[in-house]
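In: with the sequence up front, the predicted model follows.
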Amino acid sequence: MAPTIHTDGTVERLRCWASDIEANTLEQALVSSRSAAVAGPVALMPDAHLGYGATVGSVIPTESAIIPAAVGVDIGCGMIAVETDVTAAQLPDDLKPILRGIEEAIPAGFDRHQKPLRDAHRWLDNRALDTEVRLSDKQRRSIAQQLGTLGGGNHFVEVCLDERDQVWAVLHSGSRGIGNVLATKHIDAAKDLCAQLDRALDDRDLAYFLADDAGFEAYIRDMLWSQEYALVNREMMMNELLAVVRKVTGRPVKELQRINCHHNYTEQERHGDRELWITRKGAIRARTGDRGVIPGSMGTNSYIVSGLGNAASYHSASHGAGRRHSRRAAKRNFEVAEFTEAMAGRVWQRSRAADLLDEAPMAYKDIGQVMADQADLVSIDHELHAIVNYKG
């Protein structure tokens, strides 16, 4: 759909693709758009909802400035999907061994670490973190221990079938504890700097660095490293997931395609005649031909897409369905029985339904409407239906 334009007098502030959006989300995005650091209208994706600092589902252009909280604390969070040569007919009738295999192969949860994988040490030998942030010994150890682990919250692993009954492996995760630590330190540093220099802020969480600030390059360096860490983290877990599929099916598994895309990140891009930092907080890049993965909730379908290169959105699209209810509200408003009913037809951690209630499908927006709203941003290549779901 064409975006709804929101102006402030005669100044264009927002371009909004969402047909289902709350008033407080729009207001938060308008606050972001009025920041002195922002270099053009903010683009709101159809899954936009209230976030910490900046709106989740927003695309924010800056020129010689960066807003650390707009990237967020899970730097580089994103999706990976692999299309395999396995078909539904080649899967066992009982899919529970796949779920058990995932639980054994991919450590999950906020506090669960693992003995570092050999590949983790190999990558870190070549890409050691060089940061000015002071880290404890425990935090430094976690860099290797958490590389190849899922985390918690809305991170997940799925085995899916597409419309042809082809098997896909899908996974959502980010930069784990180290990304959070680095982001938080830089967000605090930006707040302190803006206070010291009396930079006007409508929202203190939108504190920013200018390109000639000492903190700018330090943040960019740590942010880019965290994005690489998150991407490699997904790659390692995907390799473990494919090994599970091979073991359960008892056959070789060939990759037909692999898509790995961030949806919490910033990148320097050229738009028109300007070199801009494009921060996508809960959005994927969708240049013409860019492949992307847009998940629904754990009880709804996901989509493999190709970007259409819409310049008005800064070549972006949504990162998922977007929350309709906060985690606390979901726990308060929904019952385990309706959650269980919504998960019919999937193998999942049913015994943990009460713990996972804040991730129930009812807590999220309608992914079908989200995809309809962004028909001018992406085209749908495949629609995936999860048959196995594992949450952190």
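Out: Structure received.
In: going by C-alpha atoms from here, please, whenever you check contacts or count neighbours.
Out: Noted.
In: can you list the weak-confidence ranges in the stretch 1-150 of the chain?
Out: Low-confidence segments of the stretch 1-150 of the chain, defined by pLDDT under 70: 111-117.
In: residue ranges of the helices in it, please?
Out: 23-33, 68-71, 96-105, 118-126, 137-145 (DSSP state H, counting those that start in this stretch).
In: which residues does the second one contact?
Out: Contacts of helix 68-71 with the rest of the structure, by CA atoms under 8 Å, 6 or more residues apart in numbering, involve 52-55, 60, 183, 186-187, 190, 205-208, 219, 264-266, 279-281.
In: one more: the third one?
Out: Contacting residues not belonging to helix 96-105 are listed as 240, 241, 244, 245, 248, 347, 348, 388, 389, 390 [CA under 8 Å, 6+ apart].
In: quick revisit: and among the helices of the stretch 1-150 of the chain, the most buried is which?
Out: Most buried of the helices of the stretch 1-150 of the chain, by mean neighbour count (mean count of other CA atoms under 10 Å): helix 68-71, with a mean of 29.
In: can you show me the CA trace of that one as CSV?
Out: Extracted C-alpha coordinates of helix 68-71, given in CSV (Å, rounded to 0.1, in the frame of the first residue of the first chain):
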residue,chain,number,x,y,z
PRO,A,68,22.7,4.0,19.6
ALA,A,69,19.3,3.3,21.2
ALA,A,70,17.7,3.3,17.7
VAL,A,71,19.8,0.3,16.8
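In: picking up where we left off before, please narrow the contacts of helix 96-105 to those residing in strands.
Out: Taking DSSP state E as the definition of strands, these contribute 388, 389, 390.
In: right, and the second one touches residue 156 too?
Out: This means residue 389. Yes. Judged on CA atoms under 8 Å, residue 389 makes contact with residue 156 at a distance of 7.2 Å.
In: quick one, which of these two is more surrounded?
Out: Of the pair residue 389 and residue 156, residue 389 is the one with more neighbours under other CA atoms under 10 Å, namely 22 against 19.
In: what about residue 381, how many neighbours?
Out: Using other CA under 10 Å, residue 381 has 14 other residues around it.
In: tell me what the helix or strand in which it is found is packed against?
Out: Assigned by DSSP states H and E, residue 381 falls within strand 378-391. Where contact means 3 or more CA pairs under 8 Å, 6 or more residues apart in numbering; DSSP states H and E, strand 378-391 is packed against helix 96-105, strand 156-161, strand 302-307.
In: let's see it at 10 Å
Out: On a contact count with 3 or more CA pairs under 10 Å, 6 or more residues apart in numbering; DSSP states H and E, strand 378-391 meets helix 96-105, strand 156-161, strand 166-173, strand 291-294, strand 302-307, strand 316-318, helix 367-373.
In: quickly list what's touching both of residue 389 and residue 156.
Out: 170, 171, 298 (CA atoms under 10 Å, 6 or more residues apart in numbering).
In: surely the first one touches residue 79?
Out: Yes. Applying CA atoms under 10 Å as the test, residue 170 and residue 79 come out as touching, 7.4 Å apart.
In: inside strands: which ones of the contacts of helix 68-71?
Out: Filtering those for strands - DSSP E - leaves 60, 264, 265, 266, 279, 280, 281.
In: please name the bridge partners of the fifth one.
Out: This points to residue 279. On the basis of DSSP bridges, residue 279 is bridged to residue 60, residue 266.
In: now the ones in strands among the contacts of helix 96-105 in a markdown table, with distance to residue 380 and pLDDT?
Out: What follows is the ones in strands among the contacts of helix 96-105, written out as a markdown table (distance: CA to CA, whole Å; pLDDT from 0 to 100):
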| residue | distance to residue 380 | pLDDT |
| --- | --- | --- |
| 388 | 22 | 98 |
| 389 | 22 | 97 |
| 390 | 25 | 96 |
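In: which one of the residues you listed sits closest to residue 16?
Out: residue 389 (31.7 Å; CA to CA).
In: follow-up on the earlier one: can you select the buried ones from the contacts of helix 68-71 in PyMOL?
Out: To isolate the buried members of these in PyMOL, using 16 or more other CA atoms under 10 Å:
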select buried, resi 53+54+55+60+183+186+187+190+205+206+207+208+219+264+265+266+279+280+281
